[in-house]
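> Model the structure of this input:
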Amino acid sequence: MDVTFSPINKSFNFSVLPIGLPYGAYLLWRAWKDDDEYLAAVSTPLFVPYIAPYSFVGLLTVLTCKYPKAALWFYLGIWAFAIIEFRRHYML
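Residues are numbered from 1 along each chain as shown. Model prediction:
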């Protein structure tokens, strides 16, 4: 009996890993260079191997405080990613 559990390809996993690693590294470098805690907070979830969709609410709140236009694009990107993942998992 196999008791291992890998959340990587599960429907609740909303991680952009490994695609988000270069973007997260860029945001983290930019946050360090500009001493911007908002960008540092936004870059953190891009390094997480599995994350739930509701975890982005706080991220969007932090991002909207200083960068509302970027938050809108991030929000639209989340919806695009959700639609793509839904189609990948449920519409074979």
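
> Now do the helices in this protein.
Counting by DSSP state H, the chain has helices at residues 20-34, 37-43, 56-66, 68-90.

> any idea which of those is most buried?
Among the helices of the chain, ranked by average contacts under mean count of other CB atoms under 10 Å, first place goes to helix 37-43 (a mean of 19). C-beta coordinates here come from the backbone N, C-alpha and C atoms, glycine included.

> contacts for that one?
With contacts defined as CB atoms under 8 Å, 6 or more residues apart in numbering, helix 37-43 is touched by 24-25, 27-28, 30-32, 59, 62-63, 65-67, 74.

> I'd like those laid out as CSV, including distance to residue 88 and pLDDT.
Formatted as CSV, those follow (distance: CB to CB, whole Å; pLDDT from 0 to 100):
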residue, distance to residue 88, pLDDT
24, 22, 89
25, 25, 94
27, 25, 91
28, 28, 94
30, 30, 94
31, 31, 95
32, 34, 97
59, 23, 86
62, 29, 89
63, 26, 89
65, 33, 92
66, 33, 92
67, 29, 91
74, 21, 87
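
> Could you point out which of the residues you listed is nearest to residue 47?
Distance to residue 47 across the contacts of helix 37-43 (CB to CB) is lowest for residue 24, with 5.2 Å.

> Give me the neighbour count for the closest residue to the closest one other than its chain neighbours.
Nearest residue to residue 24, sequence neighbours excluded (CB to CB, 6 or more residues apart in numbering): residue 46, at 2.9 Å. The local packing of residue 46 (other CB atoms under 10 Å) involves 21 other residues.

> And residue 46, how far from residue 58?
To residue 58, residue 46 is 14 Å away according to CB to CB, to the nearest Å.

> Quick check, the residue nearest to residue 24 in contact with residue 16.
Yes: assessed by CB atoms under 8 Å, residue 46 is found in contact with residue 16 at 6.3 Å.
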